[in-house]
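In: have a look at this prediction, sequence included:
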Amino acid sequence: MFTSTTFLSILPETLILILGVILLIVEPFWKVKDPSSGGDEQRRNAGWLTAGGLFAVLVISVLVGRPGDPTSTFGSSIRFDWLGFFFKMLFIFGAGITALLLMDHEKVGRRGEAYMLLLASTIGMCLMASAADLITLYLAIETTSIPLYVLAGFMLTDEHSTEAGFKYLLFGAMTSAIMLYGFSLLYGFTGTTNLYALADAFKSGQLAAPVMFGLIVLIVVGLGFKVSVVPFHFWAPDVYEGAPTPVSGFLSTASKAAGFAVIARLFLVVFHDVAVDWAAVFAILSAVTMTVGNLLALPQKNLKRMLAYSSIAHAGYAMIGIVAVSKLGITSVVFYLLAYIVTNLAAFGIVMTVGRVTGSDEYDAYRGLSRRSPWLALVMLAAFLSLAGMPPFGGFIAKVLVFAAGIQANYIWLVVIGILNSIVGLYYYLNVLKYVYLFRMEKEDEEAHPIAVTRPYAIALVVLVLGIILLGTVFAPWFGFSNAAAMNLF
Amino acid sequence: MTFPVLSVIVFTPLTAALIILMIPAQRKTEARGVALAAATFALLLSLWVYIQYLTQHLTGYQFVEKYDWLPMLGISLHFGVDGISAPLVLLTGVVMFTGVLISWGDNNPHVMAGIQDRPREFFAFLFILASGVFGVFASLDLFMLFFFYEIAVFPMYLLIVIWGWIQTREYAAMKLTLYLFIGSVVALVGALAMYWVAGRNTGVYTFDMLQLEKAGFSASFQNLWFLPVFFGFAVLGGIWPFHNWSPDGHVAAPTAVSMFHAGVLMKLGAFAALRVGIMLLPEGAKHWSWVIMLCAGVAVVYGAFIAFVQTDLKYMIGFSSVSHMGLVMLGLSTLDKNGLTGAGVQMFSHGVMTALFFAVTGMIYDRSHTRQIPELGGMNKVMPFAAIGFIIGGLVSMGMPGFSGFIAEFPIFLGVWQSQWLVAVIASISIIITAAYIMMNIRKVFFGKMPEKLEGHMTDVTVLDKVAITTLCVLMIGIGIFPSVMVPMVQTGVQHILTLLGGA
């Protein structure tokens, strides 16, 4: 029963779990008894351990844990294929960067629990990407979400943070209950919880279209919340603004990508042959999401809120690839998420770095940044232009690919909406860069206020910027990986 | 293995930009030095390409390099120049070189010339833009063409917004960026549609433009997509009614950026409209050529009239650019040998001329702090060199024989006359208007009495400025006297377009 494939199929999860156990054992030794004797610098070691450990997990998994032909393990509850594997690597990468970004967040990063919760959530995401059974899937989603609720509300003394945690919890609990209802109906109609068995059941006998439509709507509610699609997006701006910045970054990238991984698998495998034209539903969701996200991002004056709306908009763009229901479509979604994770983590990394020094996330705090710290300004330039979809950054290739998939599937109207939206997007991203490059601080003495970049942030930002540029220039290998992942669904 | 000259040209500015960024911020002279070295290198290489193409009587695409980039989708890094793009590559080299010279600046913050504030970032952004421009002119792959096209657009925003004219820079920079971005994404949709349809027709999915030329698009497809593609690019060429961003952008931009902007970027739009619009969708071009002719005709006359009434020197040049780029578009719209050849030469001629205009205007503004024509006068006494340069530019602008403007404009009018004589008659009004405003303004700015306010504040231009002016003037006179150094070369490129159009 336990073959090496079985073991390999959950290798990343197992390794993260081991890392978590090590963290729990080691972390108490780093406690500083007397805060006056050098502060709590030592407590950052938990962050180094987490980030380093996750990086090691990434390397080991890539070296020994690559999947071959798709197989099902653990009584068909786990699917071991490139789609799951690729997303797992993405989540682990995102979590590692988040751990680095957490380290110098004084209120969160100096407590071992935060890293433990991060690891727990990452395990959940990894399982989400490879779950092949409704029950596993639901458990994975909850394993992902519950630590994130806690992380969002981690700063107990901060009103915004507790509000964020609570809001996230309420929305999450409600939508996941609705989704669970959808799952239970699926089981009720077909008598199976396995995704691939469900697909076969739908191939042989169709449900009535209205029933099917209802089922899909219930499931879309739950997953739409995860990827923050309009109209299930209301939580996002408040939660992103209130939560500790690195956690917001994690929420907006890895957590969203996990949602997309589930959407891709559920809809392309299970609902591929059903009579309901769910692609049209997603097309409308995508159009509305892009438009609402971008328009609401326009008037923002707080960078975290702006990034929240922009991340809503990006969910809309990525969804164009799902709408296309084609190999290129899924490839483009995977590539989009890859580029988006790297880019958005960089954006949040900058918010964290600057916010730490200035104590504010308002646009005004970014005045004169290019004089205070030219390199940080350049990183920000790369990240924001990548978000806006400009070459030679990853965002450009990602956007062209989803548009190409949309046109191939003859969804020209959706692509036109996407294009109009990317113009709106360009406007507000450039607007922020204006603060960075043009506007000056009140006394025009920027050189006297440099922004210190601590080592973990420097590492994280350098890795991310290199990633952004690599994705935008040498895109062939990344496209190849995305394509390998997408092929598993067909 | 031959020397990959085109990719070296394309990536030289980018590499230089990265090196410049590594230099500490306060070492401004070093940053400028690296910039000048890289610009000279790129100029020499592009000159070498041009001379090779000319002296060996080459035709078709030359210096071709092809590297697979994403074979799965048929994307390759495919460079090559023909008789139309080789002069434009040279033009970019020239403008880049002169642009660096006149932006040199001074470490003394009281000297108001060139770029004083953060020259490191200035040159880095300018060179990223230059790489994009070279890339578009040299690309034979549609995807890469877009890639470089966008790279050429976004640094413009930063260059204008940071170093531009304080009164309008935020407005103008955003307006310009959005106009150009809208245009390019609209064209992108068309390009993607071409990609899929060509793939279905031929079974080979590729962005290679040489293959797409043979894709055999149906007439209805071409008629549908020609206008979005052509106008999407032509926005950057300043075609009426989408020219509005251009004068505002010219005025707000710092001198070197105005030179780049009017001298090279607008050619980028016209060139891409030609290469992607007309060459890949020839049937569509024939079907819609009257629309282009109409818009271009309006641009020519309307631009000239608006330029006539401007009192701001830069606005005057900005609108005259709209008028002259209208002539390029007019030449393209004829779809015949004379018109296309004229358009090709006019792109080069106008690029050099307008770069010179903006350079001299910048020199005047740096010293007098005004561009209002009524507040200027008698400049030839303090800066005779600049005055001579401006006058030569003016003669080119008017289309005087013996200068490059004549070589360019004469065939355009010839071509237009053959296809629509009425348009040629109306468009020729612009020549008179142009002559009027150029001569009037030369008189007001350079001759007459210098206003008392400026007396004693004006100094002569620097040696670097003189080098820049001389370079540009030599080119304009050279082509005017020896048209054979450019016209036959452009004609070889035109010949290929005519084959695509079905004539010969």
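Out: Done, it's in.
In: what comes up buried for stretch B:14-24?
Out: B:14, B:16-17, B:19-21, B:23 (16 or more other CB atoms under 10 Å in any protein chain shown). Glycine gets a C-beta too; all of them are placed from N, C-alpha and C.
In: which regions of the chain sit below the pLDDT cut-off?
Out: In the absence of a named chain, this looks at chain A. Counting by pLDDT under 70, chain A contains low-confidence residues at A:1-2, A:32-41.
In: that was the other one, I meant chain B.
Out: Ranges of chain B meeting pLDDT under 70: B:1, B:106-114, B:503-504.
In: so which bits of it are right by chain A?
Out: Within reach of chain A by CB under 8 Å from any CB of the partner chain, chain B has these residues: B:21, B:25, B:68-73, B:118, B:120-121, B:143, B:146-148, B:150-151, B:154, B:157-158, B:161-162, B:169-170, B:174, B:177-178, B:181-182, B:185-186, B:188-189, B:192-193, B:195-196.
In: residues from chain A in reach of chain B?
Out: A:370-371, A:374, A:378, A:381, A:385, A:390-392, A:396, A:400, A:403-404, A:407-408, A:412, A:415-416, A:419, A:422-423, A:426-427, A:430, A:433-434, A:437-438, A:475-476, A:479-480, A:483.
In: buried ones only from those, please, as a ChimeraX command.
Out: Buried residues within the residues of chain A next to chain B, by 16+ other CB under 10 Å, are selected in ChimeraX with:
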select /A:370,371,374,378,381,385,390,391,392,396,400,403,404,407,408,415,416,419,422,423,426,427,430,433,434,437,438,475,479,483
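In: select from the residues of chain A next to chain B every entry located in helices.
Out: A:370-371, A:374, A:378, A:381, A:385, A:396, A:400, A:403-404, A:407-408, A:412, A:415-416, A:419, A:422-423, A:426-427, A:430, A:433-434, A:437, A:476, A:479-480, A:483 (DSSP state H).
In: show me where the stretch 151-300 of chain B has helices.
Out: With helices called from DSSP state H, counting those that start in this stretch, the stretch 151-300 of chain B shows them at B:169-202, B:209-212, B:219-234, B:245-252, B:255-260, B:266-272, B:279-280, B:282-309.
In: mean neighbour count added to those helices, as TSV?
Out: Converted to TSV, these look like this (neighbours: other CB atoms under 10 Å in any protein chain shown):
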stretch	mean neighbour count
helix B:169-202	21
helix B:209-212	20
helix B:219-234	22
helix B:245-252	26
helix B:255-260	29
helix B:266-272	28
helix B:279-280	21
helix B:282-309	21
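In: can I get these in TSV with distance to A:G249?
Out: Formatted as TSV, the helices of the stretch 151-300 of chain B follow (distance: least, CB to CB, whole Å):
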stretch	distance to A:G249
helix B:169-202	27
helix B:209-212	41
helix B:219-234	35
helix B:245-252	36
helix B:255-260	35
helix B:266-272	37
helix B:279-280	43
helix B:282-309	46
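In: for the residue in the stretch 1-150 of chain A that chain B sits nearest to, grab the count of nearby residues.
Out: In the stretch 1-150 of chain A, no residue comes nearer to chain B than A:W82, which is 15.4 Å away by CB to the nearest CB. As a burial measure, A:W82 scores 22 neighbours (other CB atoms under 10 Å in any protein chain shown).
In: quick one, phi/psi of it?
Out: When read as degrees, to the nearest 10, the backbone of A:W82 gives phi -70, psi -30.
In: ok, now which ones touch it?
Out: A:67, A:70, A:481, A:484-485, A:487-488 (CB atoms under 8 Å, 6 or more residues apart in numbering or on different chains).
In: so which of those residues is the most crowded?
Out: Highest count within the contacts of A:W82 by other CB under 10 Å belongs to A:A485, 26 neighbours.
In: now do B:V264 against A:Y309, distance only.
Out: Look at B:V264 and A:Y309: by CB to CB, to the nearest Å, they are 36 Å apart.
In: look at the two and report which has more neighbours.
Out: Using other CB under 10 Å as the criterion, B:V264 and A:Y309 rank with B:V264 on top: 29 against 24.
In: the more buried one contacts B:G132, doesn't it?
Out: No: using CB atoms under 8 Å, B:V264 is not in contact with B:G132; the gap is 10.2 Å.
In: roughly how far does the closest residue to A:S130 other than its chain neighbours sit from B:L54?
Out: Distances taken as CB to CB, 6 or more residues apart in numbering or on different chains put A:G84 closest to A:S130, at 3.3 Å, once the chain neighbours are dropped. Relative to B:L54, A:G84 is positioned 59 Å away (CB to CB).
In: the two: which is more packed in?
Out: Just comparing A:G84 and B:L54: by other CB under 10 Å the higher neighbour count belongs to A:G84, 26 against 17.
In: tell me the spacing between the closest residue to chain B within the stretch 101-250 of chain A and A:T289.
Out: At 22.3 Å from chain B, A:V230 is the closest residue in the stretch 101-250 of chain A, using CB to the nearest CB. Separation of A:V230 from A:T289 (CB to CB): 4 Å.
In: which neighbours do the two share?
Out: Overlap of the contact sets of A:V230 and A:T289 (by CB under 8 Å, 6+ apart) consists of A:312, A:316.
In: so for these two, which sits in the more crowded spot?
Out: A:T289 (28 against 22).
In: is it true that A:A164 touches A:E241?
Out: Yes: using CB under 8 Å, A:A164 is in contact with A:E241, at 7.2 Å.
In: next, the buried residues of stretch A:293-303.
Out: Neighbour-count burial for stretch A:293-303 [16+ other CB under 10 Å]: A:293-294, A:296-297, A:300, A:302-303.
In: if we can go back for a sec, let me have the contacts of A:W82 in TSV, extended by secondary structure.
Out: Formatted as TSV, the entries for the contacts of A:W82 read as follows, by DSSP: H, G, I helix; E, B strand; the rest coil:
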residue	secondary structure
A:P67	coil
A:P70	coil
A:F481	helix
A:A484	helix
A:A485	helix
A:M487	helix
A:N488	coil
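In: identify the farthest-apart pair in those residues.
Out: A:P70 and A:F481 (15.7 Å; CB to CB).
In: burial count for B:S419?
Out: With neighbours defined by other CB under 10 Å, the count for B:S419 comes to 17.
In: now it, nearest residue through space, not along the chain?
Out: Nearest to B:S419 is B:T334, by CB to CB, 6+ apart, at 5.0 Å.
In: tally of neighbours for that neighbour?
Out: Quick note: B:T334 (other CB under 10 Å) scores 28 neighbours.
In: so which strand or helix has the closest residue to B:F385 other than its chain neighbours?
Out: Leaving out its chain neighbours, the residue that sits closest to B:F385 by CB to CB, 6+ apart is B:K466, at 5.3 Å. Using DSSP states H and E, B:K466 sits within helix B:463-481.
In: now what about that helix, what contacts it?
Out: Contacts of helix B:463-481 (CB under 8 Å, 6+ apart): B:94, B:97-98, B:101-102, B:104, B:345, B:348-349, B:352-353, B:355-356, B:359-360, B:363, B:385-386, B:388-389, B:392-393, B:396, B:401-407, B:461, B:485-486.
In: stretch A:8-26 now?
Out: A:7, A:46, A:49-50, A:53-54, A:56-57, A:60-61, A:64-65, A:67, A:71, A:73-74, A:78, A:80, A:88-89, A:92, A:112, A:115-116, A:119-120, A:122-123, A:126-127, A:130.
In: recalculate using a threshold of 6 Å.
Out: Under the contact criterion CB atoms under 6 Å, 6 or more residues apart in numbering or on different chains, stretch A:8-26 has outside partners A:49, A:53, A:57, A:61, A:65, A:73, A:78, A:80, A:88, A:116, A:119, A:122-123, A:126.
In: residue contacts, the closest residue to A:A95 other than its chain neighbours?
Out: Distances taken as CB to CB, 6+ apart put A:T122 closest to A:A95, at 4.3 Å, once the chain neighbours are dropped. Contact partners of A:T122, counting by CB under 6 Å, 6+ apart, are A:16, A:91, A:95.
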